[in-house]
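Peer 1: Return atomic coordinates for the entry below.
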Amino acid sequence: RRLVGDVLGSDPEIEVVGLASDPFVARDLILQYEPDVVTLDIEMPRMDGLTFLRRMMQHHPLPVIIVSSVTQTGSAASIEALAAGAIDVIAKPGGPHSVGQVAEKLKQRIHGVKPGQPLRLAPRPALASASVSPLGSSLSRSKGLILVGASTGGPQALEALLSRLPADGPPMLIVQHMPAGFTAAFASRLNAACPMQVVEAKGGEMLKRGTAYIAPGDYHLLVEEVGLELRTGVRPGPPVHYQRPAVDVLFHSAARLKSTPIVAALLTGMGADGADGMVALRQAGAITIAEDEQSCVVFGMPKEAIARGGAVHVATLLAMPRKLADALAGLQGSRARSIA
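Peer 2: Residues are numbered from 1 along each chain as shown. This is a model prediction of the structure:
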């Protein structure tokens, strides 16, 4: 904790106002200093981090970045924390020598969060109760492919989006910036919360309707043509925009497809990942949608895509499902590759 605090404090744009050994100390420091961002471990004395997070989000909501161990228990709890309102998760260092690398990632995330920015979290039950029958009818008839990229704030945004899409829509490929060891638990949570089947991509799967494929942590996700079929591709490769998986890798792979109607959405996140790929998709005839600043936790990746001319449309998260459905319906004049 002290090592991380020292590295963060060395950044002239970051002030570390307190170090808390347990949630009760953290509560007092939060009330005293009103910080812009809180980093939170899951495993802590006197009260676990997940319980503390839920209480904080109820009484004193703030942007929270989870720093958690890469264990089955730790990753599952971290995904629950993201669902409870945390905006990002970073793997806890395995020892003192890896603290610097983790702290650098924390710096990047902290710089992306606007000071005092409120969390715009629509409750999932309210989203799920919204009428999806018109979308179901439209997307059930549509052929093609939906691509989604997200980073900080993305887990909540993705759950909000997928919970409002029908169970039998076109296949989706999703890149969410997330460390290795967390994406399987993330896919499992989305699968339980959304009508579509959600799985962590293994590579080589034939794309099926009603299924969303999540990029595995530390691997790039691609869409590939194999004969007359579209399949997932999972590759190691170098990081792109310091990310693996990277949204740009997925978007560029899809831009090379022939005769497949494609709609791509770029959601909340810091940095520029996905912007170049979105430009390539638009030039290839795909419909591209960037999330509006109003609903973004971090208006970084969508802002960059808009600035580069990659976004055909800009929409809030709540408007995104209808935009996706309308965009695919508008592309149905194109000859679609058969997808089982």
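Peer 1: Next one: residue 289 relative to residue 265, how far apart?
Peer 2: 5 Å (C-beta to C-beta, to the nearest Å). Where you see a C-beta, it was placed from the backbone N, CA and C, and this is true even at glycine.
Peer 1: neighbour count winner among these two?
Peer 2: residue 265 (31 against 24; other C-beta atoms under 10 Å).
Peer 1: Can you pull the phi and psi angles for the more buried one?
Peer 2: The phi/psi pair for residue 265 (degrees, to the nearest 10) reads phi -120, psi 140.
Peer 1: Just the local confidence number for it, please.
Peer 2: Looking at residue 265, its pLDDT stands at 98.
Peer 1: Low-confidence bits of the protein, can you list those?
Peer 2: In the predicted model, the chain carries pLDDT under 70 at residues 70-74, 93-98, 114-138, 140-141, 333-340.
Peer 1: residue ranges for the strands of it, please.
Peer 2: Along the chain, counting by DSSP state E, strands occupy 38-41, 64-68, 88-91, 145-150, 172-176, 197-200, 211-214, 220-226, 229-235, 262-266, 287-291, 313-315.
Peer 1: Just send those back as a markdown table, with distance to residue 19 too.
Peer 2: Shown next, in a markdown table, are the strands of the chain (distance: least, C-beta to C-beta, whole Å):
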| stretch | distance to residue 19 |
| --- | --- |
| strand 38-41 | 10 |
| strand 64-68 | 13 |
| strand 88-91 | 17 |
| strand 145-150 | 30 |
| strand 172-176 | 30 |
| strand 197-200 | 35 |
| strand 211-214 | 34 |
| strand 220-226 | 36 |
| strand 229-235 | 39 |
| strand 262-266 | 36 |
| strand 287-291 | 34 |
| strand 313-315 | 40 |
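Peer 1: Pick the most buried one from those.
Peer 2: Among those, the stretch with the highest mean neighbour count (mean count of other C-beta atoms under 10 Å) is strand 262-266, at a mean of 29.
Peer 1: Could you give the separation of that strand from the chain centroid?
Peer 2: 14 Å (C-alpha atoms, centre = their mean, to the nearest Å).
Peer 1: partner strands of it, parallel or antiparallel?
Peer 2: Looking at strand 262-266 with DSSP bridges, its partner strands are strand 145-150 (parallel), strand 287-291 (parallel).
Peer 1: okay if I get those strands as JSON lines plus distance to residue 46?
Peer 2: Below are the strands paired with strand 262-266 laid out as JSON lines (distance: least, C-beta to C-beta, whole Å):
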{"stretch": "strand 145-150", "distance to residue 46": "34"}
{"stretch": "strand 287-291", "distance to residue 46": "38"}
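Peer 1: shared neighbours of residue 289 and residue 265, which are they?
Peer 2: Common contact partners of residue 289 and residue 265 (C-beta atoms under 8 Å, 6 or more residues apart in numbering): 320, 323, 324.
Peer 1: Leaving out sequence neighbours, find the closest residue to residue 213.
Peer 2: Nearest non-adjacent residue to residue 213, counting by C-beta to C-beta, 6 or more residues apart in numbering: residue 201, 4.2 Å away.
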